[in-house]
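Asker: Sequence plus predicted model, see below.
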Amino acid sequence: MSDFFGGISPLRHDPEAEGLAFRHYDPDEMVMGKRLEDHLRFAVAYWHSLAWPGGDPFGGQTFDRPWFRDDMEAARLKADVAFEMFEILGVPYFCWHDADIRPEGATFAESKRNFEEIIGIFEEKMESAKVRLLWGTANLFSHRRFMAGAATNPDPDVFAWSAATVKTCLDATHRLGGENYVLWGGREGYETLLNTDMGAEMEHAGRFLSMVVDYKHKIGFKGQILIEPKPQEPTKHQYDYDVATVFGFLQRFGLEKEVKVNIEQGHAILAGHSFEHELALARELGVFGSIDMNRNDYQSGWDTDQFPNNVPEVALAYYEILKAGGFTQGGTNFDAKLRRQSLDPEDLIAAHAGAMDICARGLKAAAKMLEDGTLEELRRERYAGWDGAEAKGMLTSDLATIAERVEAGGVTPEPRSGRQEILENIVNRYV
Ligand code: XUL
Ligand code: CO
């Protein structure tokens, strides 16, 4: 025991509790025939909760954690605290980057040894802990070797280093029984066209991803491979801008049946979309995989990665997820960090507990909206004209035949209300 959390006991569901507890999240509550825990599949993100020092562009570390040192002893302590945190929260999953869990070594081989030692510690802890691995990923964006990209780097040695790193991380994810493997292309993009061969970079990114998919099959990894779209930051122009862009990229390389998307709330906002738009589009394209749950500040215009606290927004997101059939191997990963003044260990627990409650409220509201059926019925009504044989027939017809029918006077378009306010009022009954 590290005692970092000073004896905070595992959180319970207690709507009347004064202190730390879940007021809305009861893992065993049945919603649409499934336990809430199995719907939401919460995960803690190692990087924000355990490795992030509290910096911003104007100042460095604000958090004072006993494991903030670059050695293996500190990495072991961090792992102990991580598992204590998972137990307090009762979360079923966690996620990591290689760089979150181990100190960088002087060589690739040393970094790998450090990493695999910690993976061994996780494996041992997971024998008795409830927590499972939602996904692993490689940090191919923090170290200066990746400043011009990983798979898209002009230097083939960086491509090679990145390939070896992903292999190591995919092996470790497989070893821990991870349910997904994520690739976020942090620096896969460009700052200026003056020094960039966009064609070559995209080709290399496509080959890289194909190799990841081939390797997954070679080792028998049954998890989903997920791309996480983001429009910019840190790179100005990003090749995986949003769900639509990623889908086009996957199709181009014949990977649209192999790779799905991990959609993040804040990234959707940065792309000028809503979270629910990205989720609905992924569902319609058949590539919905998992979510990174957080929120951005609507004034600041950058990726603030705050914990979610807006029930109506979260409800609309889970509405789309439930319509997709819910998570299969994916889950709700809190890719969210404390504000830099939230120094106390208790803040870390409270942030997650509050976010889990917000998600529980959102999911329960979404389930009620679906079960009630009014929204879906009104949407169906709006398209009911397409139920007729003549309308359906148009889709297999041709322009000239359709024009004949219109010219003969058999078609009379009649504008109808889209009823947006009425629909919004219906949503408001549930949230
Ligand atoms: C960055 C981001 C990453 C990915 C994993 O904005 O979301 O943490 O989720 O690399
Ligand atoms: Co993310």
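Answerer: Received the coordinates, thanks. Ligands and ions are numbered 1, 2, ... in the order given.
Asker: buried stuff in the host helix or strand of Ala163?
Answerer: Using DSSP states H and E, Ala163 sits within helix 156-175. By neighbour count with 16 or more other C-beta atoms under 10 Å, helix 156-175 contains the buried residues 158-159, 161-163, 165-175. The C-beta positions use only the backbone N, C-alpha and C, and glycine is treated the same way.
Asker: again, but for stretch 75-89
Answerer: Across stretch 75-89, burial judged by 16+ other C-beta under 10 Å covers 75, 77-89.
Asker: Can you list which of the residues you listed are found in helices?
Answerer: 75, 77-89 (DSSP state H).
Asker: Rebuild those as a markdown table, extending it with distance to ligand 2 and pLDDT.
Answerer: Listed next are these as a markdown table, based on distance: C-beta to the ion, whole Å; pLDDT from 0 to 100:
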| residue | distance to ligand 2 | pLDDT |
| --- | --- | --- |
| Ala75 | 22 | 98 |
| Leu77 | 25 | 98 |
| Lys78 | 20 | 98 |
| Ala79 | 21 | 98 |
| Asp80 | 25 | 98 |
| Val81 | 22 | 98 |
| Ala82 | 18 | 98 |
| Phe83 | 22 | 98 |
| Glu84 | 24 | 98 |
| Met85 | 19 | 98 |
| Phe86 | 19 | 98 |
| Glu87 | 24 | 98 |
| Ile88 | 23 | 98 |
| Leu89 | 19 | 98 |
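Asker: Between those, which sits nearest ligand 1?
Answerer: When those are compared for distance to ligand 1 (C-beta to the nearest ligand atom), Ala82 wins out at 16.2 Å.
Asker: How many residues are close by the residue in the chain that ligand 1 sits nearest to?
Answerer: As assessed by C-beta to the nearest ligand atom, ligand 1 sits closest to Trp184 within the chain, at 3.6 Å. Trp184: 23 surrounding residues under other C-beta atoms under 10 Å.
Asker: Likewise for the one 5 residues further on?
Answerer: Applying other C-beta under 10 Å, we find 24 other residues in the vicinity of Gly189.
Asker: Now do the closest residue to it other than its chain neighbours against Thr196, distance only.
Answerer: Excluding the flanking residues, the one nearest Gly189 by C-beta to C-beta, 6 or more residues apart in numbering is Thr235, at 3.5 Å. To Thr196, Thr235 is 10 Å away according to C-beta to C-beta, to the nearest Å.
Asker: who's more crowded, the two?
Answerer: Legend: neighbour count by other C-beta under 10 Å for Thr235 and Thr196, higher for Thr235 (21 against 17).
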